[in-house]
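Colleague: predicted model and sequence below, questions to follow.
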Amino acid sequence: MTDTKNQFPQLFLRLALAVTMFSAVADRFGWWNAENSSWGNMKSFEEYTRSLTFFLPETLSTFSAYAATFLEILFPLMLIVGFKTKIAAYGSSILLLIFAVSMTVALGSKAPLNYSVWVGSAAALLLAVQQQYSFSIDQLTKK
């Protein structure tokens with residue numbers, strides 16, 4: 001996906017992954033209206049995270065909600081500007097894979113399919129294995 005004809009699809013994939021993760025964060029911060037919101041605030045997201053991480057102590061479950069939120073801000077920023085894109089893509093893939101497995105175990109197989117979490121993880125993995133990243137800081141700083 002690194003030749004000239006694939007530059008825009010690769011950029012589109014980076015942006016699509018980033019916007020998708022930012023949307024989930026915006027929901028947690030209450031930036032989506034009630035009709036378009038799953039959680040609406042961080043407290044509700046913490047409760048949702050507890051349902052997915054039922055096997056963890058409450059403190060670790062709460063920590064995982066905030067850690068996921070931090071990573072869902074960091075990785076998309078890195079993807080948008082193309083900084084350490086390979087790391088951001090692998091990180092996004094692993095994070096989404098953790099979400100998919102947790103959702104499957106806690107809620108059943110339909111939930112991660114409805115939110116395309118498996119597809120997001122696979123797409124991020126496909127992005128991670130690219131040799132170079134067009135329209136990126138990585139490309140500008142490549143020696």
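Modeller: Noted; the coordinates are in hand.
Colleague: which SSE is immediately downstream of the helix or strand where residue 121 lies?
Modeller: Using DSSP states H and E, residue 121 sits within helix 117-128. With elements assigned by DSSP H and E, the helix or strand that comes after helix 117-128 is helix 137-141.
Colleague: average pLDDT across that next one?
Modeller: Confidence over helix 137-141, taken as the mean pLDDT, stands at 95.
Colleague: which residue ranges of the protein form helices?
Modeller: When assigned using DSSP state H, the helices of the chain occupy the ranges 7-28, 42-52, 58-81, 85-107, 110-114, 117-128, 137-141.
Colleague: with adjacent residues omitted, what lies nearest to residue 94?
Modeller: If you skip the residues right next to it in sequence, residue 94 has residue 121 as its closest partner in space, 7.9 Å away by Cβ to Cβ, 6 or more residues apart in numbering. Any C-beta I mention is one placed from the backbone N, CA and C, and that applies to glycine too.
Colleague: next, count neighbours for the one you found.
Modeller: Summarising burial for residue 121: neighbours were counted as other Cβ atoms under 10 Å, giving 22.
Colleague: follow-up on the earlier one: compare the helices of the chain and give me the one nearest residue 36.
Modeller: helix 7-28 (8.0 Å; Cβ to Cβ).
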